[in-house]
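**Student:** predicted model and sequence below, questions to follow.
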Amino acid sequence: MHKRILGLDLGSNSIGWALVEKDTDQPIGHLVAAGSRILPMSQDILGEFEKGNKVSQTAERTRLRSIRRLRERELLRRERMHRVLHILNFLPEHYARQIDFDKHPGQFLPETEPKLAWRFNETSKRNEFLFIGSFEAMLRDFAQHQPELVANGKKIPLDWTIYYLRKKALTEKIEKEELAWLLLHFNQKRGYNQTRGDEEEEDENKRVEYHALRVMGVETTNEKRGSDTWYNVHLENGWIYRRTSRLPLNWTGQTKDFIVTTELNPDGSVKKGKDGSDKRSLRVPEENEKKTENDIQRSGKTVGAYIYDALLAKCRSACKAGKGDPAVERSYRDSLHYRQAVWHDGDLPGQGSGKRSCYGSAARDVLKRKK
């Protein structure tokens, strides 16, 4: 009696098969056919599969679709802004000439993508910076605050001028083309929308602050937690930060960042413990925790003014200020509400204004957070 047996070898990215015909009365059979099928799969997905992790069939398509949508929204925002600025006659001539305002209003002409702040000089065949006057004014600022950066012919990037203009525009008049540059700069960054779930809920009974404090000394205690030892870290303002560590803490003389949480009474005063001391806890922030929002709020400045002043003070680190930080996005929104309230009410919201505007409540919320 003859029978056929189908054998399958199922692997993570391939399937092997063989069809064998065998006589039940004989120990030896013969191979009818065999083959294999390789499943196309990227190495990262294959690695996750071999680890036993689930991989969604649509995860990659969803990721790419999100990227496309973000790009489409950015282009649509730019097209709309181009149309508005064109109507106001705010666009520089060299920039407006390369935008289609007829068949595809607001879109760049095919094979072009001009830079608003840079104009091509047909004579010298080179690009020239359009706002050189503002750049020179910024250089004078740097010569006053960081002369070593501009001494002996040293140069700083022309594109930093946009941060100078962002601060200047808050209190002084700027050219309409400069304002168009600023608006398109803001418009380009509007890709992030803070969702309700991302917002950190504020506890009115707690005050959370960031402090950079110098360590005056580290005291080793006899207390243990497992294999870790408890240490008392004495700070310059008299506070003591307790923590465990497996290794000795060589922090003396260093300046450390701390997140300080203070418990408050309903009237805003600091709660007291049983021993009469303030109820306060300290912890060292994780690497991924951002303190940008706290720094901006404590400075009382807008984001633009904060970044420019940080450039004047410490140019290397300031360039990263707010990069990829949702806190800065919230600060942009708060600054907008605040400025609109001042404009519409003619006074600081809640400070003697006789009128009410649609922005007043939002601005008052901003003022409350600033306090």
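**Tutor:** Noted; the coordinates are in hand. Since we're looking at a predicted model, the values are computed, not measured.
**Student:** what about the strands in the stretch 201-350 of the chain?
**Tutor:** Ranges of strands in the stretch 201-350 of the chain, per DSSP state E, counting those that start in this stretch, are 206-225, 228-235, 240-245, 255-263, 280-283.
**Student:** any idea of the mean pLDDT for stretch 43-53?
**Tutor:** Taken as a whole, stretch 43-53 has an average pLDDT of 71.
**Student:** which positions in it come out as buried?
**Tutor:** Neighbour counts using 16 or more other CB atoms under 10 Å place Ile45 of stretch 43-53 among the buried residues. Where you see a C-beta, it was placed from the backbone N, CA and C, and this is true even at glycine.
**Student:** and this protein, what are its domain boundaries?
**Tutor:** Per the record, the chain has its domains at 2-51, 202-289, by automatic domain parsing.
**Student:** endpoint to endpoint, the shortest one covers what distance?
**Tutor:** I take that to be domain 2-51. 42 Å (CA to CA, to the nearest Å).
**Student:** just checking, Gly47 is part of a helix?
**Tutor:** Yes - according to DSSP: H, G, I helix; E, B strand; the rest coil, Gly47 belongs to a helix.
**Student:** just name the most buried of the strands of the stretch 201-350 of the chain.
**Tutor:** strand 228-235 (a mean of 17; mean count of other CB atoms under 10 Å).
**Student:** follow-up on the earlier one: any chance of the domains of the chain in a markdown table with distance to Leu158 as columns?
**Tutor:** Formatted as a markdown table, these follow (distance: least, CB to CB, whole Å):
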| stretch | distance to Leu158 |
| --- | --- |
| domain 2-51 | 40 |
| domain 202-289 | 33 |
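**Student:** lowest average pLDDT across the ones you listed?
**Tutor:** Among the domains of the chain, domain 2-51 carries the lowest mean pLDDT (a mean of 83).
**Student:** please state the offset of stretch 100-107 from the chain centre?
**Tutor:** With CA atoms, centre = their mean, to the nearest Å as the basis, stretch 100-107 stands 32 Å off its chain's centre.
**Student:** could I have the CA atoms of that stretch written out in CSV?
**Tutor:** Taking Å, rounded to 0.1, in the frame of the first residue of the first chain, the C-alpha atoms of stretch 100-107 are listed here in CSV:
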residue,chain,number,x,y,z
ASP,A,100,3.0,80.3,-8.2
PHE,A,101,0.0,82.5,-7.3
ASP,A,102,-2.1,81.5,-10.3
LYS,A,103,-2.6,77.8,-11.0
HIS,A,104,-1.2,76.5,-7.6
PRO,A,105,-1.5,79.5,-5.2
GLY,A,106,1.2,79.5,-2.6
GLN,A,107,3.3,76.7,-4.1
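**Student:** who's in contact with that stretch?
**Tutor:** Residues outside stretch 100-107 that contact it (CB atoms under 8 Å, 6 or more residues apart in numbering): 75, 78-83, 86, 99, 108-109.
**Student:** how about 10 Å then?
**Tutor:** Residues from elsewhere that reach stretch 100-107 (CB atoms under 10 Å, 6 or more residues apart in numbering): 75-87, 99, 108-110, 112.
**Student:** quick one, which of the domains of the chain gets closest to Lys167.
**Tutor:** Lys167 lies closest to domain 202-289 among the domains of the chain, at 23.3 Å (CB to CB).
**Student:** how far off centre is that closest one?
**Tutor:** With CA atoms, centre = their mean, you get 27 Å for domain 202-289.
**Student:** got it, and stretch 109-121?
**Tutor:** 28 Å.
**Student:** and it, what's buried?
**Tutor:** 114, 116-119.
**Student:** in the top helix by length along the chain, which residues are buried?
**Tutor:** Longest helix of the chain, by residue count under DSSP state H: helix 59-87. Using 16+ other CB under 10 Å as the test for burial, helix 59-87 gives 77-79, 81-82, 85-86.
**Student:** got TSV for these, with distance to Glu93 too?
**Tutor:** Formatted as TSV, the buried residues of helix 59-87 follow (distance: CB to CB, whole Å):
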residue	distance to Glu93
Arg77	23
Arg78	19
Glu79	19
Met81	18
His82	14
Leu85	13
His86	11
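**Student:** from the residues you listed, pick the one nearest Glu50.
**Tutor:** Lowest distance from Glu50 to those (CB to CB) belongs to Arg77, with 42.6 Å.
**Student:** how many neighbours does the nearest residue to the closest one once chain neighbours are set aside have?
**Tutor:** The shortest distance from Arg77 to any non-neighbouring residue, by CB to CB, 6 or more residues apart in numbering, is to Asn187 (5.2 Å). Counted by other CB atoms under 10 Å, the residues lying close to Asn187 total 16.
**Student:** Asn187 should be in a helix, yeah?
**Tutor:** Yes - counting by three-state DSSP, Asn187 falls inside a helix.
**Student:** and it, what does it touch?
**Tutor:** Contacts for Asn187 (CB under 10 Å, 6+ apart) come out as 74, 77-78, 80-82, 84-85.
**Student:** want to throw these into TSV with distance to Gln26 and pLDDT?
**Tutor:** Listed next are those as TSV, based on distance: CB to CB, whole Å; pLDDT from 0 to 100:
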residue	distance to Gln26	pLDDT
Glu74	72	89
Arg77	77	92
Arg78	78	94
Arg80	81	94
Met81	83	95
His82	83	96
Val84	87	95
Leu85	88	96
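**Student:** this completes my enquiry, with thanks.
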